[in-house]
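In: Quick one: sequence and predicted model below, then my questions.
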Amino acid sequence: MLTDTLNIAVTKTAESRLSKIDFDNLPFGKTFSDHMFIADYEGGEWKNFQIVPYGEIGLSPAISALHYGQAFFEGIKAYKHVDGRVAIFRPEKNAERSNASAERLCMPQIPVEMYLQALSAIVEIDKDWIPSKEGHSLYIRPFMFATDPYLGVTPSETYKFMILTGPVGPYFSKNLRVKIETNFSRSSDGGFGFAKAAGNYGGSMLPARRATEEGFDQLIWTDSREHAYMEELGAANIMFMMDGKVITPSTRDTILKGVTRDTVITLAKSWGIEVEERRVSVAEILQGIKEGRITDAFGAGTAATIAHIAEIAHEGEVYTLPDPAKREFSNKVLNTLNEIRYGRAADEFGWNYFVG
């Protein structure tokens, strides 16, 4: 457990790019703030804590991450409250998940206090980059990768932990038309689908592109054995309201333990709504849509927040869901989240981690 304040060497940019940014046009993930955080893992400990101007870094072409995939990342958001304070939303959950990813990929643990101090420091130095507009935030991308210049299939002994930030608008600008994937798999039993490993996302790109070419916005991933059970929606967890209950696939080694997913479940239970975390079959969901028993369907994730699903396609048939604008549960969740994240309502769950 790290108990001391990190000794972070700060080198500020000579000239900020902030004045050149169009905050009314923020494509997700393409705009970066002035600075980035870097730490090195060497000799069994974290060291060389730095905040430096955003830019390229020099690396050997032989590093393990490039050849054997020892790399993972997280996604977090910071918000500007109405009183001017800055808060990061539930970062301790991302710290916990980072360490679960690190363990699965044979990488070093990051002390939670180090993680939170690093996040706080980089957000504090670039807090002027946080948009105030509704639905906008500062996206935070912590990531770790192996740096040993060695072409051998063995865990690296050295690593870099870095944090990038950048202002973002909504990830999705429309309700989603999605397809249930019955050929490709995102993950498999005994694999590392629960980790935010870089390789999970590389493997998802071809089926996602093919779905886009067919006119869909996202895929619903299914289990690799039978393609009979729903697992995730693209890079988000999937959730339904059926018969007045929130239904969502239970987390397992093929499914990411989403922070937004946990947030939605916590809110639902606080409102007295029953939640079922279990295997969710494709057949029951499609039948539930046909019978009018499903009143809501959405993706839940840090980038997406709450992404309404308007249509689900399966084996050539399209199933239309209730009008997203009239859905009670998901819209209440989104409104409540915004009230908490922008500081307009009391944070009774202690989700806001204040910076500075």
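Out: Received the coordinates, thanks. Computed from a predicted structure; not experimentally measured. Numbers count the residues shown, from 1 in each chain.
In: contacting residues for the closest residue to residue 96 other than its chain neighbours?
Out: Leaving out its chain neighbours, the residue that sits closest to residue 96 by C-beta to C-beta, 6 or more residues apart in numbering is residue 112, at 7.3 Å. Where you see a C-beta, it was placed from the backbone N, CA and C, and this is true even at glycine. With contacts defined as C-beta atoms under 8 Å, 6 or more residues apart in numbering, the neighbours of residue 112 are 92, 95-96, 99.
In: What backbone torsions are found at residue 112?
Out: Phi and psi for residue 112, reported as degrees, to the nearest 10, are phi -60, psi -40.
In: Just checking: what are the partner strands of whichever helix or strand residue 239 is part of?
Out: Counting by DSSP states H and E, the element that carries residue 239 is strand 236-242. Strand pairing for strand 236-242, determined by DSSP bridges: strand 229-233 (antiparallel), strand 245-249 (antiparallel), strand 294-301 (antiparallel).
In: quick one: buried residues of the last one?
Out: By neighbour count on 16 or more other C-beta atoms under 10 Å, the buried set for strand 294-301 is 294-301.
In: Which one of those residues is nearest to residue 351?
Out: Residue 351 lies nearest to residue 300 out of the buried residues of strand 294-301, by C-beta to C-beta, at 14.6 Å.
In: Excluding residues flanking it in the chain, which one is nearest that closest one?
Out: For residue 300, ignoring the flanking residues on the chain, the nearest one in space by C-beta to C-beta, 6+ apart is residue 260 at 4.3 Å.
In: Also residue 34?
Out: In space, residue 34 is closest to residue 13, 4.6 Å off (C-beta to C-beta, 6+ apart).
In: how near is that neighbour to residue 164?
Out: Using C-beta to C-beta, to the nearest Å, residue 13 is found at 14 Å from residue 164.
In: got any residues that touch both of the two?
Out: Contacts common to residue 13 and residue 164, judged by C-beta under 8 Å, 6+ apart, are residue 54.
In: which one's the longest helix in the protein?
Out: With residue count as the measure and DSSP state H as the assignment, the chain has helix 198-213 as its longest helix.
In: and residue 77, backbone torsions?
Out: Per degrees, to the nearest 10, the backbone of residue 77 is at phi -130, psi 150.
In: What residues are bridge-paired with it?
Out: Under the criterion DSSP bridges, residue 77 forms beta bridges with residue 139.
In: and residue 1, what pLDDT?
Out: On pLDDT, residue 1 comes in at 34.
In: show me where the stretch 151-300 of the chain has helices.
Out: Using DSSP state H, counting those that start in this stretch, the helices of the stretch 151-300 of the chain run over residues 198-213, 259-270, 282-290.
In: Point out the most buried one among these.
Out: The highest mean neighbour count among the helices of the stretch 151-300 of the chain, using mean count of other C-beta atoms under 10 Å, belongs to helix 259-270: a mean of 19.
In: picking that back up, could you look up the SS state of the residue nearest to residue 34?
Out: coil (DSSP: H, G, I helix; E, B strand; the rest coil).
In: what's around it, how many residues?
Out: By other C-beta atoms under 10 Å, 16 other residues sit near residue 13.
In: Kindly report the same for the one 5 residues further on.
Out: Other residues near residue 18 number 14, with proximity taken as other C-beta under 10 Å.
In: Verify the stated contact: it with residue 32.
Out: No - contact status for residue 18 versus residue 32: not in contact, 11.3 Å apart, counting by C-beta atoms under 8 Å.
In: how near is residue 43 to residue 108?
Out: According to C-beta to C-beta, residue 43 and residue 108 sit 11 Å apart.
In: Just want to know which of the two has more residues nearby.
Out: residue 108 (19 against 8).
In: Show the contacting residues for the more buried one.
Out: Applying C-beta under 8 Å, 6+ apart, the residues contacting residue 108 are 41, 46, 102, 159.
In: Tell me which two in those are the farthest apart.
Out: Farthest pair in the contacts of residue 108, by C-beta to C-beta: 46 and 102, 12.0 Å.
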